[in-house]
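Colleague: Just to be clear, the model below is a prediction. Sequence and coordinates:
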Amino acid sequence: MLGAAAVLAGHRERAWQAAETELVVTNARVFTMDPAAPRAEAFAVTGGRFAAVGSNDAIRRLIGKGTQTIDAKQMTIVPGFIDTHNHAGGTTLLYEVLVGNPFEVEFVSIASIIEKLRAKAQQTPAGMWVEGFFHDDTKLKDKRPLTVRDLDQVSADHPVVVQHRGGHTSFYNSKAFELAGITKATPDPDGGTFDRDASGNLTGRVTDRARNAMGRAGRRPAFTPAESAQRNLRGLAHISTQFVRYGLTTVHHSGGDLAALREIRSRNELLHRVSFELAGGALNSAIADGTKSGDGDDWIRIGSTTEHTVDGSFSERTMAMSVPYKGIDPPYKGNVTESQDTLNSWVERVHRAGIQVNCHANGDVAIDMYLTALERAQKLAPRANARPKITHCTLINDDLIRRIKALDAVPAMFTTYAYYNTDKFPYYGEDLMKRSMAFRTMLDAGIHAAAGSDFSPGPFAPLMGIQGMVTRTGWDGTTWGANQRVSVDEAIRINTLNGAYAAGEERVKGSVTAGKLADFVMLADDPHTVKPDTIKDIQIVRTVVGGVTRYQA
């Protein structure tokens, strides 16, 4: 039996007692993520915040005439899930050709990709791009890579590209190379490759910075400003419905259209909270006008920068490592996409501006470069509680862990990958996977590791992520880096309270605590008690943001 008293948040107590309680949830199994009171049976919500958390008897006394009540019927409630790295534009989902499944593990055939793109080509003027999205090279039934010859079957009149969902490699047809002026004799640029077969011919695969050269090819649809704005609005409203369907109540948007977010909010179509990450002109403007991380309100707040890229991709096997990739000749250690001097300068500029620095650093080489730049910036301009963000932070070692802890840097690490991408892990091998996506090592060191799905590259379902973090076993039944397993409670904390810490918001969200925003998720089953390999299948029954139900099954 839980304690009878429901604790009210100190200085707000009088106001809450005077106001009528809006919502009471009872008869629940609440895992609060609050170390002071980790379990509860019930809670009350007033003014969009948790007003009281405690026992059924204590909370029922707060029910007023107009109070909405929910009997949870012993279902599990956890704080709303937080995704700290998401490329959250929904326009691709609505308007483009999807050659793979954005949300789940699904195998497709090369023939199906060709068929979809050929249908698009028949509706597209010659010379204009035909594009496919959400390709995953290890989710092909054919068990071989997509090639230039495959994509030549789509069209000889259109440049054709298939974008890997990882965002660092693309696959092109001959027309695209022709229009871009790329031949097998074209040298690889710094930070990228035009892949070739054993005979030296282009395979169609192009990585990282080499993809920039393909931009000379073809034409793309031109939209008026009004058309672009409408597409952005529809895309953001659509993906917001998907986020709450999976239990996400806060998402860190890696760039995008801030004006569109504000517009869908004004239309009551923004269902989740946003930490908006700055890039390009928006970042320059923020630095110029003194905007800081944390500015905004509880719905849209300025967060860090977007992921300033230092190296390549884990899933596409281009991240910068100190050891060569397995089975590649000549030896290949991935792509570094930024010089140390350039990185130092960029990090210092952002850090001095009072904006949370954030870089994409996957491999140990790239993480070392980023930490070097951060240590330099902090020495030149000391700033308390800067909490620099490391997007991905995939491959670590003991020295990197020590330096991350010393900086109180926050790794936003892949979560769903441990289930979704185990078919990529053989390219690295067990020894490297023991120190990849190293949640156990991070937690043991006292580092506030957070969950970053990296959608589109990874599915954003938090329960899929939690299952993978707990089991380290993938869809194919293989287990990698079991030494990095965490408990169910730890996995939930990574996806909630640690996510709040990543944006400096742990005082207002991330746990079911009186005074915090009333963001929570009701689950049909308890992830602590179901079979670990079924956690991802638990039904999201209800997603609540600010005390208002935003999704109900």
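Modeller: Yep, it's here.
Colleague: what's the burial count for the nearest residue to residue 400 once chain neighbours are set aside?
Modeller: Once flanking residues are discounted, residue 400 sits nearest to residue 367: 5.4 Å by C-beta to C-beta, 6 or more residues apart in numbering. Where you see a C-beta, it was placed from the backbone N, CA and C, and this is true even at glycine. Neighbour count of residue 367, defined by other C-beta atoms under 10 Å: 28.
Colleague: buried residues in the regular element (helix or strand) spanning residue 367?
Modeller: Per DSSP states H and E, residue 367 falls inside helix 364-380. Under the neighbour-count criterion of 16 or more other C-beta atoms under 10 Å, helix 364-380 has 364-371, 373-374, 376-378 buried.
Colleague: Could I get the contacting residues of the residue lying closest to residue 134 once chain neighbours are set aside?
Modeller: Spatial nearest neighbour of residue 134, excluding adjacent residues (C-beta to C-beta, 6+ apart): residue 100 at 3.9 Å. Counting by C-beta atoms under 8 Å, 6 or more residues apart in numbering, residue 100 makes contact with 106, 108, 133-136, 139, 165.
Colleague: Please pick the buried ones from those.
Modeller: 108, 133-136, 139, 165.
Colleague: can you redo the residues you listed as JSON lines with pLDDT?
Modeller: Listed next are the buried ones among the contacts of residue 100 as JSON lines, based on pLDDT from 0 to 100:
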{"residue": "108", "pLDDT": "97"}
{"residue": "133", "pLDDT": "97"}
{"residue": "134", "pLDDT": "96"}
{"residue": "135", "pLDDT": "97"}
{"residue": "136", "pLDDT": "96"}
{"residue": "139", "pLDDT": "95"}
{"residue": "165", "pLDDT": "93"}
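Colleague: name the helices or strands packed onto the helix or strand hosting residue 175?
Modeller: Element membership of residue 175 [criterion: DSSP H and E] is helix 174-180. Counting contacts by 3 or more C-beta pairs under 8 Å, 6 or more residues apart in numbering; DSSP states H and E, helix 174-180 packs against helix 148-152, strand 160-164.
Colleague: Can you pull out the residues in contact with the last one?
Modeller: Read it as strand 160-164. By C-beta under 8 Å, 6+ apart, the list of residues contacting strand 160-164 reads 99, 113, 117, 121, 129-137, 146, 151, 154, 170-173, 175-176, 214, 315-316.
Colleague: Pull up the pairing partners for it, direction included.
Modeller: If you go by DSSP bridges, strand 160-164 pairs up with strand 130-135 (parallel), strand 169-172 (antiparallel).
Colleague: Do me a favour and average the pLDDT over that strand.
Modeller: Averaging pLDDT along strand 160-164 gives 97.
Colleague: tell me the most buried of the helices and strands packed on helix 174-180?
Modeller: Of all the helices and strands packed on helix 174-180, strand 160-164 has the most neighbours on average by mean count of other C-beta atoms under 10 Å, namely a mean of 26.
Colleague: measure residue 285 to residue 348 for me?
Modeller: 19 Å (C-beta to C-beta, to the nearest Å).
Colleague: Look at the two and report which has more neighbours.
Modeller: When residue 285 and residue 348 are compared for neighbours, residue 348 comes out ahead with 19 against 11, by other C-beta under 10 Å.
Colleague: Let's see the pLDDT reported for residue 416.
Modeller: In this prediction residue 416 is given a pLDDT of 97.
Colleague: Which parts of the stretch 51-200 of the chain are helices?
Modeller: Remark: helices assigned in the stretch 51-200 of the chain by DSSP state H, counting those that start in this stretch are 56-60, 91-95, 110-121, 148-152, 174-180.
Colleague: Which among the ones you listed is found nearest to residue 339?
Modeller: With C-beta to C-beta as the criterion, residue 339 lies closest to helix 174-180 of those, at 25.2 Å.
Colleague: Pull out the buried positions in the closest one.
Modeller: Under 16+ other C-beta under 10 Å, the buried positions of helix 174-180 are 174-177, 179-180.
Colleague: how about the CA coordinates for it, as CSV?
Modeller: What follows is helix 174-180, C-alpha atoms only, in CSV (Å, rounded to 0.1, in the frame of the first residue of the first chain):
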residue,chain,number,x,y,z
SER,A,174,23.5,6.3,-65.3
LYS,A,175,21.6,9.4,-66.4
ALA,A,176,22.2,11.1,-63.1
PHE,A,177,26.0,10.5,-63.4
GLU,A,178,25.9,11.7,-67.0
LEU,A,179,24.1,15.0,-66.1
ALA,A,180,26.4,15.5,-63.1
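Colleague: Quick check: most distant residue from the centroid of the protein.
Modeller: If you look at how far each residue of the chain sits from its centre, by C-alpha atoms, centre = their mean, the farthest one is residue 65, at 41.6 Å.
Colleague: List the residues that contact that residue.
Modeller: residue 20.
Colleague: need the contact list for residue 113.
Modeller: If you count contacts by C-beta under 8 Å, 6+ apart, residue 113 has them with 99, 132, 135, 146, 150, 162.
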